[in-house]
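Trainee: Kindly return the folded structure for what I paste below:
(2 chains)
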There are 2 protein chains.
Amino acid sequence: MGVNDISPARPVRIVEVGPRDGLQNEAAFVPTVEKIAFVNRLADAGHTAIEVSAFVSPKWVPQMADAAEVFAGITRRPGVRYTALVPNLQGLARAREARVDEVAVFPAASETFSKRNINQTVDEALAAARRICDEARAAGLRVRAYLSTSFGCPFEGAVAPARVAELAARLIERGAYEVALSDTIGIAHPRQVSDVLNEVTRRVAAANLALHFHDTRGTALVNVYAGLEAGVSTFDASAGGLGGCPYAPGATGNLATEDLVYLLDGLGISTGTRLEAIAAASRAIEPLVGHLLPSRVFRALQATKGRA
Amino acid sequence: MGVNDISPARPVRIVEVGPRDGLQNEAAFVPTVEKIAFVNRLADAGHTAIEVSAFVSPKWVPQMADAAEVFAGITRRPGVRYTALVPNLQGLARAREARVDEVAVFPAASETFSKRNINQTVDEALAAARRICDEARAAGLRVRAYLSTSFGCPFEGAVAPARVAELAARLIERGAYEVALSDTIGIAHPRQVSDVLNEVTRRVAAANLALHFHDTRGTALVNVYAGLEAGVSTFDASAGGLGGCPYAPGATGNLATEDLVYLLDGLGISTGTRLEAIAAASRAIEPLVGHLLPSRVFRALQATKGRA
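Mentor: Numbers count the residues shown, from 1 in each chain, chains lettered A, B, ... in the order given. From the prediction side, this is the model:
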């Protein structure tokens, strides 16, 4: 049976993306001081990789306008990597000034999404990623790469697994240490996860892959499970499931960290994080985003508290 | 890999429990005429097994007080089994009068839950189940058995898989054609599903088992996946994820049918149901329960409609 393919001996590394991918997609602007407290709480919860912010245009992404201030305000906990998204060399320069531990680039696997999201063709985005990799590595910074729309594009539909494999391999060649295959619109299902990973792992070792799921259709956790069965050990998640889409009441954003940790705890897989402490971070941020956080486990914990 | 253990050639049978397990656990009383329309819509969506209501005490479960009226009002679609929960012989008599196609009994695997939920010891509940089986089968009715708290009890905690296996075997011996192993409080995780099924299938064939998950901690779908890998082909689900717990804002009830069908469609597994038609049934019931339905897929469909 499948569960026997999943070894509890292999720990999972969680990349906490709540402060960036989560808050960036919330309608409300969370005050800088609260973002700082959020990041510190997430580090206290045992996270070792936290995507703190993005050095992007404040005109396009006002929620991340305070990236430098957030980095200046956080307490750097030893053993934690504080990372940021950068779209170009200007972003990288700002990130270096803010003393980030690592940067992330974010090309897409489909042309239409690439044009609409970052106004570049896929090749242009890969060229930009190479420039960022070269300069970041010269400065001693690791580069992570997201590969958006790896499981489908909102404009083009299906994306061929061979195309995803080709782009992932090129990103590793260009100097990224890890490619996070991203289900940007939350449509992936486990057979597709298995199919894409079968193809990608011909070109890139599973150890250099991460999976980044959105829970838009409730499949994020079952997709993680398929990823575990296929040998992937790094998963992105967002505290509380932050990142709900403003125009879609009840629509959900990233896979919730609490839900991921609950699953992994149940499977006996170590993550180094503490569920209750992650929920404490979510609890503090919830009143600031103007809606209930969608994490099922967080909600269940809140309900228990309500009864106690 | 695990997904290869799941054959698309083996269709899945969904038991739609929204009108009973869903509406029973909603705070609002849904008018009889709306319940009837809901059941008819679910049959139109391709369901072949619909748990319509429960012949229980209206004092304890006021939401189900109109069981007979609902059965009298529905349009019986050929090929659809319209079923009801019965706790005792009086309930069975009422169910027969209402011309149900099948009844369900609901003993528990843990003593404390059994005492608190139905005020019987587990042995007393099994004896009652036997009496119901004998009389139902004499009348030509099939009996399904839920086994509550098969994955954990809110009062006693863990329940031994061997105990679940023993009780499931006794229910089949007593005349039930199927035992739905039920995660009453929504705490199961896939390794536990695998462990419990390993033990239970020593005594009861997978073909005589169903899995009944609640999505309280977001694990319902990944548990279904583990169940599919273990060879189970029957799953309970509730349209829209109806059945949220009234005292827990945002806490979720049953596995949502839409989420289940989205997963199975993705896996290429046939269910005979149409996702859009199930969502149409949910759409009509949502305004009557006083809160947004928690199904992720339903919410995503609603958001798409909102944008169109």
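
Trainee: Wait, residue A:167 touches residue A:147, no?
Mentor: Yes. Counting by C-beta atoms under 8 Å, residue A:167 does reach residue A:147; the two are 5.8 Å apart. Glycine gets a C-beta too; all of them are placed from N, C-alpha and C.

Trainee: Tell me the residues of the stretch 51-200 of chain A that contact chain B?
Mentor: For the stretch 51-200 of chain A, the residues in contact with chain B (C-beta under 8 Å from any C-beta of the partner chain) are A:186, A:189-194, A:198.

Trainee: so of the residues you listed, which ones are in helices?
Mentor: Using DSSP state H, the subset of those located in helices is A:190-194, A:198.

Trainee: May I see the buried residues of the lengthiest helix in chain A?
Mentor: Identified as the longest helix of chain A according to DSSP H is helix A:122-138. Neighbour counts over helix A:122-138 (16 or more other C-beta atoms under 10 Å in any protein chain shown) mark A:122, A:125-126, A:128-130, A:132-133, A:135-136 as buried.

Trainee: Just the residues contacting it, thanks.
Mentor: A:86-89, A:92, A:103, A:105, A:107-111, A:114, A:118, A:120, A:142-143, A:145, A:167, A:170-171, A:174-176 (C-beta atoms under 8 Å, 6 or more residues apart in numbering or on different chains).

Trainee: Beyond it, next helix or strand please.
Mentor: Counting by DSSP states H and E, the next helix or strand C-terminal to helix A:122-138 is strand A:142-147.

Trainee: Number of residues surrounding the residue nearest to residue A:171 when sequence neighbours are not counted?
Mentor: Spatial nearest neighbour of residue A:171, chain neighbours left out: residue A:145 (4.2 Å); criterion: C-beta to C-beta, 6 or more residues apart in numbering or on different chains. Using other C-beta atoms under 10 Å in any protein chain shown, residue A:145 is surrounded by 30 other residues.

Trainee: just to revisit the earlier point, so among the contacts of helix A:122-138, which ones count as buried?
Mentor: Listed as buried from those are A:86-88, A:92, A:103, A:105, A:107-111, A:114, A:118, A:120, A:142-143, A:145, A:167, A:170-171, A:174-176; burial here means 16+ other C-beta under 10 Å.

Trainee: hmm, back to that, can I get the ones in helices among the residues of the stretch 51-200 of chain A next to chain B in CSV with neighbour count and pLDDT?
Mentor: Formatted as CSV, those follow (neighbours: other C-beta atoms under 10 Å in any protein chain shown; pLDDT from 0 to 100):
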residue, neighbour count, pLDDT
A:190, 28, 96
A:191, 18, 95
A:192, 23, 96
A:193, 29, 97
A:194, 22, 96
A:198, 14, 97
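
Trainee: Which of the residues you listed sits closest to chain B?
Mentor: Ranked by distance to chain B (C-beta to the nearest C-beta), those are led by residue A:194 at 4.2 Å.

Trainee: so what pLDDT did the closest residue to residue A:142 other than its chain neighbours get?
Mentor: Distance criterion C-beta to C-beta, 6+ apart; nearest residue to residue A:142, sequence neighbours excluded, is residue A:102 at 4.6 Å. Here the pLDDT value assigned to residue A:102 is 97.

Trainee: Now do the same contact list for residue A:102.
Mentor: Contact partners of residue A:102, counting by C-beta under 8 Å, 6+ apart, are A:81-84, A:141-144.

Trainee: low-scoring stretches of the stretch 1-150 of chain A, by residue?
Mentor: A:1-2 (pLDDT under 70).

Trainee: re the thing from before, check the gap between the residue nearest to residue A:142 and chain B for me.
Mentor: From residue A:102 across to chain B, the span is 29 Å (C-beta to the nearest C-beta, to the nearest Å).
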